[in-house]
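Asks: model this:
(chains A and B)
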Amino acid sequence: MSISRRQILAGSAVSAAALASGFPAPAIAQNEPIKIGYLPALTGPSSSTGVGINRGTQLAVELINKEGGIKGRKIELISRDTQSDPTKAVNAVAELTQRAKVSMIFGPLNSGEALAATPLIARDKVPMLHPCWVDELIDVKKYPMAFRIAPTNTQVGAGANYYVVDVLKLKKVAVISDTTGYGTASVNTYVPMLKAKGAEVVYQNHIDAANPDLKPELLRMQAAGAQAIMPWSVNAGFLSRICNTRGAMGWDVPIVGQTTLGSGQTKALLEKPEYWNKVYSNNFRQVCYANGKLPPRAQEFVDRLKAAKIGFGDTLLWWVALGWDGGTIMADIFKNAGTKNDDVVAYMNKVKGWPGIYGTVTWTPEQHNGFPDSEVVMCEVNSLKDGAFNLAPGYSA
Amino acid sequence: MLESIVSYGLAVGAVYALIGITYNVMFSASRVFSFTAGMLGMLGGVLGALFITKFGLPVIVGLVLVLACGALLGIVTEILTVRPVLKSIEQHLYVLSTLAFALMVQQLTAIEWGTEAQPFPRLIPIGPGWLDQQFWLPMLACAVTIVGLELLYRKTLIGRAFLAIAEDSYAARALGLPETRLRMASFALAGMIGTLAGFTGAEMLLAFFGNQSILNFYGFVPVALGGMGSNRGAVIGGLALGLFQQAANFLVGGIFAAVAVFVVFIIVLLLRPEGLAGAATARRV
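Replies: The predicted structure is shown next:
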């Protein structure tokens, strides 16, 4: 059967009229799954965070779908392993936004990849949820559809500064870092914040992390009268050498800093277990033990993980909780706002006090960093039990 | 302070000296400056921790396996990255081929071993202070290596054959010496020395893939200071570098310590381009 040009034109006119009249979409569209793009680093050198977060995200999506999904629509988590490689993250973004047409993107879960991917996701006008700490990822003017459910690096530094100055009441502080971009930027940001709080930074330096002997540095800190050491580095070797040197010198000052201080890699490099005493690392109030107990929400979550037979003894509770929060907050958003991008962003701009396991989230049109300052705390690194730590001494329960 | 400068300085310096000797042994046999020396040092620590800590093998077995892996890697380096470029050595293609191979091995190590530093076991549980193995073990390894090489080169036929190849490969070949096999043996020997450096220094430097670039560079400094091909010069240069680096750590600290090392390095090379122990070469005019 041949089709004439007139028949095609007539068909097109009918289609256009039907679209203009706004007749209801076919029922099948109402049951289509809600697609969420997900960019964890599950392999590669920076994958330990992604593996931990992934357990929580997968569990959240699995349970939501098991309970019937969102208004009858299942969540389809389209996961792409970025392999800790920003190039792969960028390629995955193109696939998720342009081909898969996802309704939201969760991730990338690592800062390096997130820095590369965020401008592209913003360009394609897809809402995104960040679990990373780098301050530059959130900018309501440049990235109006990007929201964060984790603290910023500035909040993390401020939490450590608060602990040293306001909780421990120490005024003379040594601040050091390795020579990486993260280390130098942290020192340059946190030192003025410390001074603004009235602390005296008696020693400040950037140190080659490969230097096997840090005794000269610690002797200089001691001579300067430092009452606390604040090292900013994610290098477990560097941090363990600080702990070992302090221990060997018999110098009883607290070491206060980034989460890597409390990592298993740092612990493995200690010469003696007691060298981990009086070492406090960043953590989050909702997932820390206070007087031996987790907050009720976190305890309920741990029970849920145990029931689902999801292990977290080999990872950190806050990583798994962060993944869970990502999955459940997206489900809440779609349940309340639907999947149209503008509606989603309008709803997210009004989220107030959303009760996550990892943290309580509040967003406004002017502020897309949703994590509260009050929930960034310090913990005792030598208290790890079932993936969580004790609050550092001095905090109220 | 003095005790710390001497103990750490000599220990780190001995590791640098051994890496310098690794460069020299490969260079003497091939006239190729192979950038795999730091890789071998890095693998000495990583493989040692793997065999002894992870696999639970006895220390001696672990050491023998590490040295065997080093020898094997040396042979692979010679076959894959040196032999194909020897015909056009003037074009310095070996810089690319040896560096590419070293980087590839480093990336594989990062993927399989991890990017975090990991502990190296204390092999001889005595200490602390000077008795701690991290101070005397690299120095002992350095002394054994330099004495062993001297005996090899002066007292054995194969050692003399190595020297003959290093002195004049054309003449050595004309005399019937198997140049290719001797070069391969030299690279195997260098592989063992490089991994021994990493193995003995690993309690101090840890089992860490990132040690490769540090050892590559700081191992090159004693070669440049001591004179290319001079093992004694490498030992003196390595120990001097370690002591100076540690003294700079105490005196200026932070990243300025590294800057001080490079400043002195450049000054020495400007004053004596042939190195402290090297002889000035005559130039045909």
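Asks: and residue A:344, how far from residue A:337?
Replies: Distance of residue A:344 to residue A:337, computed by C-beta to C-beta, to the nearest Å: 5 Å. Using the backbone N, CA and C atoms, a C-beta is placed for each residue, glycine as well.
Asks: more neighbours: those two, which one.
Replies: Legend: neighbour count by other C-beta atoms under 10 Å in any protein chain shown for residue A:344 and residue A:337, higher for residue A:344 (22 against 18).
Asks: show me the contacts for that one.
Replies: Residues in contact with residue A:344 (C-beta atoms under 8 Å, 6 or more residues apart in numbering or on different chains) are A:103, A:104, A:127, A:333, A:334, A:337, A:338.
Asks: in a markdown table: the residues you listed, plus distance to residue A:210 and pLDDT.
Replies: Conversion of the contacts of residue A:344 to a markdown table gives the following (distance: C-beta to C-beta, whole Å; pLDDT from 0 to 100):
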| residue | distance to residue A:210 | pLDDT |
| --- | --- | --- |
| A:103 | 46 | 96 |
| A:104 | 41 | 97 |
| A:127 | 42 | 97 |
| A:333 | 45 | 97 |
| A:334 | 48 | 96 |
| A:337 | 50 | 95 |
| A:338 | 53 | 93 |
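Asks: what parts of the stretch 51-200 of chain B come near chain A?
Replies: By C-beta under 8 Å from any C-beta of the partner chain, the residues of the stretch 51-200 of chain B that approach chain A are B:110, B:111, B:114, B:115, B:116, B:117, B:118, B:119, B:128.
Asks: could you list which of these belong to helices?
Replies: Using DSSP state H, the members of those that fall in helices are B:110, B:111.
Asks: follow-up on the earlier one: keep only those of the contacts of residue A:344 that are in strands.
Replies: The strands, defined by DSSP state E, take in residue A:104 from those.
Asks: any stretches of chain A with poor pLDDT?
Replies: The model of chain A has pLDDT under 70 over residues A:1-30, A:44-46, A:397.
Asks: repeat that with 80
Replies: For chain A, the stretches with pLDDT under 80 are A:1-31, A:43-48, A:84, A:181, A:311-314, A:396-397.
Asks: pop the domain breakdown of it in here.
Replies: Domain ranges of chain A: A:32-152+A:298-375, A:154-289+A:378-391, per automatic domain parsing.
Asks: dump those domains to a markdown table, plus distance to residue B:59.
Replies: Output for the domains of chain A, formatted as a markdown table (distance: least, C-beta to C-beta, whole Å):
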| stretch | distance to residue B:59 |
| --- | --- |
| domain A:32-152+A:298-375 | 29 |
| domain A:154-289+A:378-391 | 19 |
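Asks: out of those, nearest to residue B:272?
Replies: Closest approach to residue B:272 among the domains of chain A is made by domain A:154-289+A:378-391 (27.1 Å; C-beta to C-beta).
Asks: quick one: end-to-end distance for the closest one.
Replies: Separation of the first and last residues of domain A:154-289+A:378-391 by C-alpha to C-alpha, to the nearest Å is 20 Å.
Asks: that domain and chain B, are they touching?
Replies: Yes: applying C-beta under 8 Å from any C-beta, one finds domain A:154-289+A:378-391 touching chain B at A:179, A:205-208, A:210-213, A:215-217, A:219-220, A:235-237, A:240, A:248, A:265, A:268-269.
Asks: could I get the contacts of residue A:344 as TSV with distance to chain B?
Replies: Output for those, formatted as TSV (distance: C-beta to the nearest C-beta, whole Å):
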residue	distance to chain B
A:103	34
A:104	31
A:127	32
A:333	35
A:334	37
A:337	40
A:338	42
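Asks: just name the closest of the contacts of residue A:344 to residue A:302, please.
Replies: residue A:333 (25.0 Å).
Asks: closest residue of the stretch 51-200 of chain B to chain A?
Replies: Using C-beta to the nearest C-beta, the closest approach of the stretch 51-200 of chain B to chain A is made by residue B:117 at 3.3 Å.
Asks: which non-adjacent residue is nearest that residue?
Replies: The spatially closest residue to residue B:117, leaving aside those adjacent along the chain, is residue A:237, at 3.3 Å (C-beta to C-beta, 6 or more residues apart in numbering or on different chains).
Asks: element containing that neighbour, please.
Replies: According to DSSP states H and E, residue A:237 maps onto helix A:236-249.
Asks: elements contacting the next helix or strand along the chain from that helix?
Replies: Counting by DSSP H and E, the next helix or strand C-terminal to helix A:236-249 is strand A:255-257. With contacts taken as 3 or more C-beta pairs under 8 Å, 6 or more residues apart in numbering or on different chains; DSSP states H and E, strand A:255-257 sits against strand A:228-232, helix A:236-249, strand A:279-284.
Asks: got TSV for the ones you listed, with mean neighbour count and distance to residue B:69 too?
Replies: Formatted as TSV, the helices and strands packed on strand A:255-257 follow (neighbours: other C-beta atoms under 10 Å in any protein chain shown; distance: least, C-beta to C-beta, whole Å):
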stretch	mean neighbour count	distance to residue B:69
strand A:228-232	27	35
helix A:236-249	23	23
strand A:279-284	26	36
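Asks: how many other residues sit next to the residue of the stretch 51-200 of chain B closest to chain A?
Replies: A total of 28 residues lie near residue B:117 under the criterion other C-beta under 10 Å.
Asks: and what of the one 4 residues further on?
Replies: As a burial measure, residue B:121 scores 15 neighbours (other C-beta under 10 Å).
Asks: ditto for residue B:210
Replies: By the measure other C-beta under 10 Å, the count of residues near residue B:210 is 20.
Asks: what's the answer for the one 10 residues further on, then?
Replies: For residue B:220, the count of nearby residues is 19 (other C-beta under 10 Å).
Asks: that one: which element?
Replies: Per DSSP H and E: helix B:211-226 holds residue B:220.
Asks: quick check: what element follows that helix along the chain?
Replies: Next along the chain after helix B:211-226, taking DSSP H and E as the criterion, comes helix B:231-251.
Asks: output that following helix as PDB - backbone C-alpha positions only.
Replies: What follows is helix B:231-251 as a C-alpha-only set of coordinates in PDB (Å, rounded to 0.1, in the frame of the first residue of the first chain):
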ATOM      1  CA  ASN B 231      78.800   2.600  42.700                       C
ATOM      2  CA  ARG B 232      81.100   4.000  45.400                       C
ATOM      3  CA  GLY B 233      80.100   7.500  44.300                       C
ATOM      4  CA  ALA B 234      76.400   6.500  44.500                       C
ATOM      5  CA  VAL B 235      76.900   5.200  48.100                       C
ATOM      6  CA  ILE B 236      78.700   8.400  49.200                       C
ATOM      7  CA  GLY B 237      76.200  10.600  47.300                       C
ATOM      8  CA  GLY B 238      73.200   8.600  48.800                       C
ATOM      9  CA  LEU B 239      74.400   8.800  52.400                       C
ATOM     10  CA  ALA B 240      75.300  12.500  52.000                       C
ATOM     11  CA  LEU B 241      71.800  13.200  50.500                       C
ATOM     12  CA  GLY B 242      70.100  11.400  53.300                       C
ATOM     13  CA  LEU B 243      72.000  13.300  56.000                       C
ATOM     14  CA  PHE B 244      71.500  16.600  54.300                       C
ATOM     15  CA  GLN B 245      67.800  16.000  53.700                       C
ATOM     16  CA  GLN B 246      67.300  15.100  57.400                       C
ATOM     17  CA  ALA B 247      69.300  18.100  58.600                       C
ATOM     18  CA  ALA B 248      67.200  20.300  56.300                       C
ATOM     19  CA  ASN B 249      64.100  18.800  57.900                       C
ATOM     20  CA  PHE B 250      65.300  19.900  61.300                       C
ATOM     21  CA  LEU B 251      66.600  23.300  60.200                       C
END
